[in-house]
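Trainee: attaching a predicted model along with its sequence, questions to come.
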Amino acid sequence: MKKFEEIQFNIGELKGISAKNIEEHLKLYAGYVKHSNLILEKISEYSNDMEGNAYTIGELQRRFGFEYNGMRNHEYYFKSLEGGAKTLPEDSVLKKEIINQFGSFDQWLRNFQAMAMTRGVGWAVLAFDTHTKQLIHIWIDEQHLGQLNGAQWILGIDMWEHAFVYDYPTSQKRKYIEAFFENLNWEVIEENFKKI
(Lines give C-alpha, C1' and ligand atoms only; values in the text may rest on other atoms or scores of the structure.)
Protein backbone atom coordinates (compact mmCIF):
# COMPACT_ATOMS: atom_id res chain seq x y z
CA MET A 1 0.00 0.00 0.00
CA LYS A 2 1.22 3.50 -0.84
CA LYS A 3 2.39 5.45 2.21
CA PHE A 4 0.90 8.80 3.15
CA GLU A 5 3.35 11.67 2.81
CA GLU A 6 3.71 14.70 5.02
CA ILE A 7 3.01 17.92 3.09
CA GLN A 8 5.43 20.80 3.61
CA PHE A 9 3.36 23.97 3.96
CA ASN A 10 4.65 27.44 3.14
CA ILE A 11 3.08 29.55 5.86
CA GLY A 12 4.50 33.02 6.27
CA GLU A 13 4.20 35.37 9.20
CA LEU A 14 0.64 35.53 10.54
CA LYS A 15 -1.19 38.20 12.52
CA GLY A 16 -2.23 36.94 15.95
CA ILE A 17 -0.95 33.38 15.40
CA SER A 18 2.70 32.97 16.33
CA ALA A 19 5.38 31.09 14.42
CA LYS A 20 5.86 29.00 17.59
CA ASN A 21 2.22 27.90 17.57
CA ILE A 22 2.37 26.99 13.87
CA GLU A 23 5.67 25.14 14.36
CA GLU A 24 4.28 23.03 17.21
CA HIS A 25 1.00 22.49 15.39
CA LEU A 26 2.85 21.21 12.30
CA LYS A 27 4.67 18.67 14.51
CA LEU A 28 1.27 17.36 15.57
CA TYR A 29 0.21 17.07 11.93
CA ALA A 30 3.41 15.13 11.18
CA GLY A 31 2.41 12.73 13.95
CA TYR A 32 -0.95 12.07 12.30
CA VAL A 33 0.79 11.21 9.03
CA LYS A 34 3.28 8.94 10.81
CA HIS A 35 0.63 7.12 12.84
CA SER A 36 -1.70 6.67 9.86
CA ASN A 37 1.12 4.79 8.15
CA LEU A 38 2.07 2.81 11.27
CA ILE A 39 -1.49 1.65 11.85
CA LEU A 40 -1.85 0.38 8.29
CA GLU A 41 1.44 -1.51 8.69
CA LYS A 42 0.17 -3.11 11.90
CA ILE A 43 -3.16 -4.05 10.34
CA SER A 44 -1.27 -5.72 7.52
CA GLU A 45 0.89 -7.67 10.01
CA TYR A 46 -2.10 -8.82 12.08
CA SER A 47 -4.00 -9.81 8.93
CA ASN A 48 -1.95 -13.02 8.72
CA ASP A 49 -4.35 -14.37 11.34
CA MET A 50 -7.61 -12.49 10.75
CA GLU A 51 -9.67 -14.64 13.09
CA GLY A 52 -7.20 -14.65 15.97
CA ASN A 53 -6.53 -10.91 15.67
CA ALA A 54 -10.06 -9.75 14.85
CA TYR A 55 -10.44 -7.56 17.95
CA THR A 56 -6.99 -6.04 17.60
CA ILE A 57 -7.58 -5.27 13.93
CA GLY A 58 -10.99 -3.78 14.77
CA GLU A 59 -9.48 -1.44 17.36
CA LEU A 60 -6.65 -0.47 15.02
CA GLN A 61 -9.22 0.29 12.33
CA ARG A 62 -11.08 2.58 14.74
CA ARG A 63 -7.86 4.36 15.61
CA PHE A 64 -7.03 4.71 11.93
CA GLY A 65 -10.16 6.87 11.46
CA PHE A 66 -8.87 9.27 14.12
CA GLU A 67 -5.32 9.47 12.76
CA TYR A 68 -6.31 9.64 9.08
CA ASN A 69 -8.91 12.37 9.60
CA GLY A 70 -6.45 14.23 11.83
CA MET A 71 -4.02 14.19 8.92
CA ARG A 72 -6.52 15.32 6.28
CA ASN A 73 -8.27 17.90 8.51
CA HIS A 74 -4.93 19.58 9.21
CA GLU A 75 -4.05 19.61 5.51
CA TYR A 76 -7.17 21.69 4.79
CA TYR A 77 -6.36 23.94 7.73
CA PHE A 78 -2.71 24.66 6.92
CA LYS A 79 -3.35 25.02 3.18
CA SER A 80 -5.85 27.79 3.96
CA LEU A 81 -3.10 29.79 5.71
CA GLU A 82 -0.59 29.59 2.84
CA GLY A 83 0.04 32.51 0.49
CA GLY A 84 -0.96 35.30 2.84
CA ALA A 85 -4.38 36.71 3.69
CA LYS A 86 -6.62 37.22 0.68
CA THR A 87 -10.23 38.39 0.71
CA LEU A 88 -13.17 36.74 -0.99
CA PRO A 89 -14.04 38.86 -4.09
CA GLU A 90 -17.58 40.15 -4.53
CA ASP A 91 -18.00 38.11 -7.74
CA SER A 92 -16.84 34.92 -6.00
CA VAL A 93 -19.01 31.87 -6.73
CA LEU A 94 -18.69 30.83 -3.08
CA LYS A 95 -19.62 34.27 -1.77
CA LYS A 96 -22.72 34.33 -3.96
CA GLU A 97 -23.74 30.91 -2.62
CA ILE A 98 -23.13 32.00 0.99
CA ILE A 99 -25.28 35.12 0.48
CA ASN A 100 -27.97 33.07 -1.26
CA GLN A 101 -28.20 30.63 1.65
CA PHE A 102 -27.44 32.79 4.68
CA GLY A 103 -28.75 36.20 3.60
CA SER A 104 -25.38 37.96 3.84
CA PHE A 105 -21.73 37.11 4.19
CA ASP A 106 -21.61 38.81 7.61
CA GLN A 107 -24.56 36.74 8.84
CA TRP A 108 -22.86 33.55 7.68
CA LEU A 109 -19.59 34.59 9.39
CA ARG A 110 -21.40 35.29 12.69
CA ASN A 111 -23.11 31.89 12.53
CA PHE A 112 -19.89 30.07 11.67
CA GLN A 113 -17.85 31.79 14.37
CA ALA A 114 -20.55 31.05 16.94
CA MET A 115 -20.30 27.36 16.02
CA ALA A 116 -16.51 27.55 16.38
CA MET A 117 -17.05 28.67 19.99
CA THR A 118 -18.68 25.30 20.79
CA ARG A 119 -17.39 23.98 24.12
CA GLY A 120 -14.95 21.12 23.81
CA VAL A 121 -12.35 20.11 21.25
CA GLY A 122 -13.06 19.64 17.59
CA TRP A 123 -13.42 21.34 14.23
CA ALA A 124 -15.83 23.93 12.85
CA VAL A 125 -16.35 23.15 9.17
CA LEU A 126 -18.12 24.74 6.23
CA ALA A 127 -18.94 21.93 3.83
CA PHE A 128 -20.98 21.31 0.73
CA ASP A 129 -23.60 18.57 0.79
CA THR A 130 -23.18 16.91 -2.60
CA HIS A 131 -26.65 15.34 -2.35
CA THR A 132 -28.75 18.45 -1.64
CA LYS A 133 -26.30 20.86 -3.30
CA GLN A 134 -26.14 23.21 -0.35
CA LEU A 135 -23.65 24.58 2.15
CA ILE A 136 -23.82 23.12 5.64
CA HIS A 137 -22.05 23.73 8.93
CA ILE A 138 -20.56 20.73 10.71
CA TRP A 139 -19.10 20.42 14.20
CA ILE A 140 -16.65 17.51 14.35
CA ASP A 141 -15.70 16.15 17.76
CA GLU A 142 -12.05 15.21 18.04
CA GLN A 143 -10.93 14.44 14.46
CA HIS A 144 -13.55 12.01 13.28
CA LEU A 145 -16.80 11.92 15.25
CA GLY A 146 -19.34 13.89 13.26
CA GLN A 147 -17.73 13.77 9.82
CA LEU A 148 -20.72 13.62 7.49
CA ASN A 149 -20.77 11.25 4.52
CA GLY A 150 -21.11 13.14 1.24
CA ALA A 151 -20.19 16.50 2.78
CA GLN A 152 -17.11 17.95 1.07
CA TRP A 153 -14.90 20.26 3.11
CA ILE A 154 -14.57 23.85 1.96
CA LEU A 155 -13.19 25.48 5.10
CA GLY A 156 -12.22 24.14 8.50
CA ILE A 157 -10.89 25.76 11.66
CA ASP A 158 -9.11 23.63 14.24
CA MET A 159 -10.69 24.27 17.64
CA TRP A 160 -8.45 22.01 19.70
CA GLU A 161 -6.45 24.00 22.27
CA HIS A 162 -3.21 23.02 20.55
CA ALA A 163 -4.19 25.32 17.65
CA PHE A 164 -3.91 28.44 19.83
CA VAL A 165 -2.47 27.56 23.26
CA TYR A 166 0.87 29.35 22.73
CA ASP A 167 -0.95 32.58 21.87
CA TYR A 168 -4.20 32.61 23.84
CA PRO A 169 -5.57 31.03 27.01
CA THR A 170 -8.65 28.88 26.43
CA SER A 171 -10.84 31.67 27.81
CA GLN A 172 -9.75 33.81 24.84
CA LYS A 173 -10.30 31.38 21.98
CA ARG A 174 -12.54 33.96 20.28
CA LYS A 175 -9.37 36.01 19.63
CA TYR A 176 -7.84 32.97 17.93
CA ILE A 177 -10.95 32.58 15.73
CA GLU A 178 -10.71 36.24 14.73
CA ALA A 179 -6.97 35.85 14.00
CA PHE A 180 -7.64 32.78 11.87
CA PHE A 181 -10.10 34.68 9.67
CA GLU A 182 -7.74 37.66 9.50
CA ASN A 183 -5.07 35.35 7.99
CA LEU A 184 -7.31 33.23 5.81
CA ASN A 185 -6.46 32.89 2.13
CA TRP A 186 -9.93 32.94 0.60
CA GLU A 187 -8.51 32.05 -2.81
CA VAL A 188 -7.72 28.59 -1.43
CA ILE A 189 -11.21 28.30 0.05
CA GLU A 190 -12.79 29.36 -3.26
CA GLU A 191 -10.75 26.69 -5.07
CA ASN A 192 -11.95 24.07 -2.57
CA PHE A 193 -15.51 25.02 -3.47
CA LYS A 194 -14.91 25.03 -7.22
CA LYS A 195 -13.38 21.53 -7.10
CA ILE A 196 -16.56 19.97 -5.72
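Mentor: Yep, it's here. Numbers count the residues shown, from 1 in each chain.
Trainee: other residues contacting stretch 21-39?
Mentor: 3-6, 9, 11, 14, 60, 63-64, 67-68, 70-71, 74-75, 78, 81, 143, 158, 162-167 (Cβ atoms under 8 Å, 6 or more residues apart in numbering). In this view, the C-beta of every residue, glycine as well, is placed from N, C-alpha and C.
Trainee: try 6 Å this time
Mentor: 3-4, 6, 11, 60, 63-64, 67-68, 70-71, 74, 162, 166-167 (Cβ atoms under 6 Å, 6 or more residues apart in numbering).
Trainee: same deal with stretch 57-65?
Mentor: Ile39, Lys42, Ile43, Tyr46, His144.
Trainee: max pairwise distance over the residues you listed: which two?
Mentor: Tyr46 and His144 (21.1 Å; Cβ to Cβ).
Trainee: which one of the two is surrounded by more residues?
Mentor: His144 (19 against 16; other Cβ atoms under 10 Å).
Trainee: am I right that that one is in contact with Asn69?
Mentor: Yes: between His144 and Asn69 there is a contact under Cβ atoms under 6 Å: 4.3 Å.
Trainee: not counting its neighbours along the chain, what's nearest Ala163?
Mentor: With sequence-adjacent residues excluded and distances taken as Cβ to Cβ, 6 or more residues apart in numbering, Ala163 is closest to His25, at 6.1 Å.
Trainee: what's the answer for Ile138, then?
Mentor: Val125 (4.3 Å).
Trainee: buried only: go through the contacts of stretch 21-39 for me.
Mentor: Phe4, Ile11, Leu60, Arg63, Phe64, Glu67, Tyr68, Gly70, Met71, His74, Asp167 (16 or more other Cβ atoms under 10 Å).
Trainee: and the longest helix anywhere in the chain, which residues are buried?
Mentor: Determined from DSSP state H, the single longest helix within the chain is helix 19-46. Neighbour counts over helix 19-46 (16+ other Cβ under 10 Å) mark 21-22, 25-26, 29, 32-33, 35-37, 39-40, 42-43, 46 as buried.
Trainee: equivalent analysis for stretch 162-179, please.
Mentor: Under 16+ other Cβ under 10 Å, the buried positions of stretch 162-179 are Ala163, Phe164, Asp167, Tyr168, Lys173, Tyr176, Ile177, Ala179.
Trainee: now swap in stretch 121-136 and tell me
Mentor: Gly122, Trp123, Ala124, Val125, Leu126, Ala127, Phe128, Asp129, Leu135.
Trainee: I'd like these laid out as JSON lines, including distance to Lys195 and pLDDT.
Mentor: Listed next are the buried residues of stretch 121-136 as JSON lines, based on distance: Cβ to Cβ, whole Å; pLDDT from 0 to 100:
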{"residue": "Gly122", "distance to Lys195": "24", "pLDDT": "95"}
{"residue": "Trp123", "distance to Lys195": "19", "pLDDT": "96"}
{"residue": "Ala124", "distance to Lys195": "21", "pLDDT": "97"}
{"residue": "Val125", "distance to Lys195": "16", "pLDDT": "97"}
{"residue": "Leu126", "distance to Lys195": "14", "pLDDT": "98"}
{"residue": "Ala127", "distance to Lys195": "13", "pLDDT": "97"}
{"residue": "Phe128", "distance to Lys195": "10", "pLDDT": "97"}
{"residue": "Asp129", "distance to Lys195": "15", "pLDDT": "96"}
{"residue": "Leu135", "distance to Lys195": "15", "pLDDT": "98"}
